[in-house]
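S.K.: show me how the following folds:
(one chain, ligands or ions: 2)
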Amino acid sequence: LLDIRWFTESMEAGHPVTVQDRHILKVNPKPNGDPTAMLMKSYACQRRTPLKHYNSFLTEALEILSQNAEYNDNEGRSVAFRRAASVLKALPRRVRSMQDLRCLPCLGDHSQRVIKEILEDGSSREVESTRQSEQYQAMKALTGIFGVGVRTADRWFREGLRSPDDLIRTGQQLNREQQAGVQYYDDLQKPVTKAEADVISDIVEKAVHAVLPGAEIQLMGGFRRGKEVGHDVDFLITHPEEGKEEGLMPKITNWLKEQGLLLYQKTTRNSYLEKMDGPARASSNMDRFERCFSIFKLQKSHQSEASGWRAVRVDLVVSPYSQFAFATLGWTGSKLFERELRRWAGQEKHMSLSSHALYDSKQNLYLRAKTEEEIFAYLGLEFIPPSERNA
Ligand code: DCT
Ligand code: MG
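M.R.: Numbers count the residues shown, from 1 in each chain. Ligands and ions are numbered 1, 2, ... in the order given. Here you go, the predicted model:
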């Protein structure tokens, strides 16, 4: 007997608050028990979002519409569907009727229509036709190629191309990254497991320590949030003595190359200079650390497998020690959680957050931090551990 009621709460003091923006989920687990009130806040960075939740039958559908909007270059619509899905991920139980959604934040009319249809009919016609559409499937296949973004995929789609095979068949001009993307397409489509990520962690640690003893290496992205699979493996590297990390990436990649562990790599230099750059734009997460986009050649553990190795996408990022907390927060994700942190900072706190720094526009100063906890505190947010940032 789970008695769940939603009611509203004024949360954005000083802002005109719409009904959709204010919410409290009140859960009364026992008829006679004390009701414990749980807030359903409207920013994803105010909520705890576990990896496993009760509503994937709805969130997967909304995320297809979000993805499709992204393919159609409609960012606003894409984010709206993603936010709606994210709210459902934070619910403490499966949604059974539209009543359960009363007053929840971020659920626009369109998302509600889709949810209603799924609850009543078991599926949504719009979602199913999107899933089956030639454009959706082609865009998924083409943007699935390493080095291919929505713009390029869309141009190819308009030219009649549908898959990596079509690119090869028609002899498309590809850059070096895309050539690697096509060459290792099948491997890179396969999810990377946590066990594979652990093997790669050991390799990266060995490489980094061989060229810079005392450096610190941290597994980032989805695996830091507790995911069991990912599309790549992300690492953040630093050294407690600021300055020692400069020029580190070429040394790491050379070591890896010598061991025959790299199939592809492209390093971009660190181009962030606080004095020159000023506060980061709130809407952008493109950080400017020294970064290496790579493809590792990973030996398989089972000798019985057809080929002895597989290709795995690995991202290496080097951060100066003084920016490490911001880099850690920025590279943990999820993408929506990061986006919402930056939106919260800008809209609610007049601050600007990036993977390099936090700038307070009211006081005109940079706020320094050594830990993620300190950054959440500056932002006036409750600390959310990585495993609950799966928004
Ligand atoms: N990131 C971000 N905004 C982006 C891209 C990335 O904030 N547009 C951050 C959040 C996660 C981190 O960088 C790593 O990115 P991905 O590897 O793309 O995400 P992931 O969560 O690790 O997902 P996956 O498990 O599929 O690799
Ligand atoms: Mg990742």
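
S.K.: confidence score at the spatially closest residue to Phe81 that is not a sequence neighbour?
M.R.: Excluding the flanking residues, the one nearest Phe81 by C-beta to C-beta, 6 or more residues apart in numbering is Ser66, at 3.6 Å. All C-beta spots, glycine's among them, are computed from the backbone N, C-alpha and C. You'll see Ser66 listed with a pLDDT of 98.

S.K.: now do the same contact list for Ser66.
M.R.: 77-82, 85 (C-beta atoms under 8 Å, 6 or more residues apart in numbering).

S.K.: now do it against ligand 2, distance only.
M.R.: 18 Å (C-beta to the ion, to the nearest Å).

S.K.: now Arg77
M.R.: Counting by C-beta to the ion - Arg77 and ligand 2 are separated by 25 Å.

S.K.: quick one: what helix or strand has that residue in it?
M.R.: For Arg77, the host element (DSSP states H and E) is helix 75-89.

S.K.: quick one: contacts of that helix?
M.R.: 40, 44, 47, 49-50, 53, 55, 58-59, 62-63, 65-67, 69-70, 95, 104-108, 110-111, 336, 339, 390-391.

S.K.: just the C-alphas of that helix, formatted as PDB.
M.R.: Backbone C-alpha positions of helix 75-89 (Å, rounded to 0.1, in the frame of the first residue of the first chain) are rendered in PDB as follows:
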ATOM      1  CA  GLU A  75      18.400  20.800 -29.300                       C
ATOM      2  CA  GLY A  76      15.500  22.400 -27.300                       C
ATOM      3  CA  ARG A  77      13.200  19.500 -28.100                       C
ATOM      4  CA  SER A  78      15.900  16.900 -27.500                       C
ATOM      5  CA  VAL A  79      16.700  18.300 -24.000                       C
ATOM      6  CA  ALA A  80      13.000  18.500 -23.100                       C
ATOM      7  CA  PHE A  81      12.500  14.800 -23.700                       C
ATOM      8  CA  ARG A  82      15.800  14.000 -21.900                       C
ATOM      9  CA  ARG A  83      14.700  16.000 -18.900                       C
ATOM     10  CA  ALA A  84      11.300  14.300 -18.800                       C
ATOM     11  CA  ALA A  85      13.000  10.800 -19.000                       C
ATOM     12  CA  SER A  86      15.400  11.900 -16.200                       C
ATOM     13  CA  VAL A  87      12.600  12.800 -13.800                       C
ATOM     14  CA  LEU A  88      11.100   9.300 -14.300                       C
ATOM     15  CA  LYS A  89      14.500   7.700 -13.500                       C
END
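
S.K.: what's downstream of it, the next helix or strand?
M.R.: Counting by DSSP H and E, what follows helix 75-89 is helix 109-121.

S.K.: list every C-alpha atom in that following helix, with coordinates, as CSV.
M.R.: This file holds the C-alpha atoms of helix 109-121, laid out as CSV (Å, rounded to 0.1, in the frame of the first residue of the first chain):
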residue,chain,number,x,y,z
ASP,A,109,2.5,18.0,-23.0
HIS,A,110,4.3,15.9,-25.6
SER,A,111,6.1,13.7,-23.1
GLN,A,112,2.8,13.2,-21.2
ARG,A,113,1.0,12.2,-24.4
VAL,A,114,3.7,9.6,-25.1
ILE,A,115,3.6,8.3,-21.5
LYS,A,116,-0.2,8.1,-21.6
GLU,A,117,-0.2,6.0,-24.8
ILE,A,118,2.4,3.6,-23.4
LEU,A,119,0.5,3.2,-20.2
GLU,A,120,-2.7,2.5,-22.0
ASP,A,121,-1.6,0.6,-25.1
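
S.K.: in it, what's buried?
M.R.: 111, 114-115, 117-119 (16 or more other C-beta atoms under 10 Å).

S.K.: what would these look like in JSON lines with pLDDT and distance to ligand 1?
M.R.: Shown next, in JSON lines, are those (pLDDT from 0 to 100; distance: C-beta to the nearest ligand atom, whole Å):
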{"residue": "Ser111", "pLDDT": "98", "distance to ligand 1": "22"}
{"residue": "Val114", "pLDDT": "98", "distance to ligand 1": "24"}
{"residue": "Ile115", "pLDDT": "98", "distance to ligand 1": "25"}
{"residue": "Glu117", "pLDDT": "98", "distance to ligand 1": "28"}
{"residue": "Ile118", "pLDDT": "98", "distance to ligand 1": "25"}
{"residue": "Leu119", "pLDDT": "98", "distance to ligand 1": "29"}
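
S.K.: from the chain's centroid, how far away is stretch 194-203?
M.R.: Remark: stretch 194-203 is offset 20 Å from the chain centroid, using C-alpha atoms, centre = their mean, to the nearest Å.

S.K.: again, but for stretch 361-375
M.R.: Taking mean C-alpha positions (C-alpha atoms, centre = their mean), stretch 361-375 and its chain are 23 Å apart.

S.K.: hmm, who's touching it?
M.R.: 274, 279, 322, 324-326, 328-329, 332, 350-353, 357-360, 378, 383.

S.K.: just the ones of the residues you listed in helices?
M.R.: 274, 324-326, 328-329, 332, 378 (DSSP state H).

S.K.: next, Asp315: secondary structure please.
M.R.: Assigned by DSSP: H, G, I helix; E, B strand; the rest coil, the conformation of Asp315 is strand.
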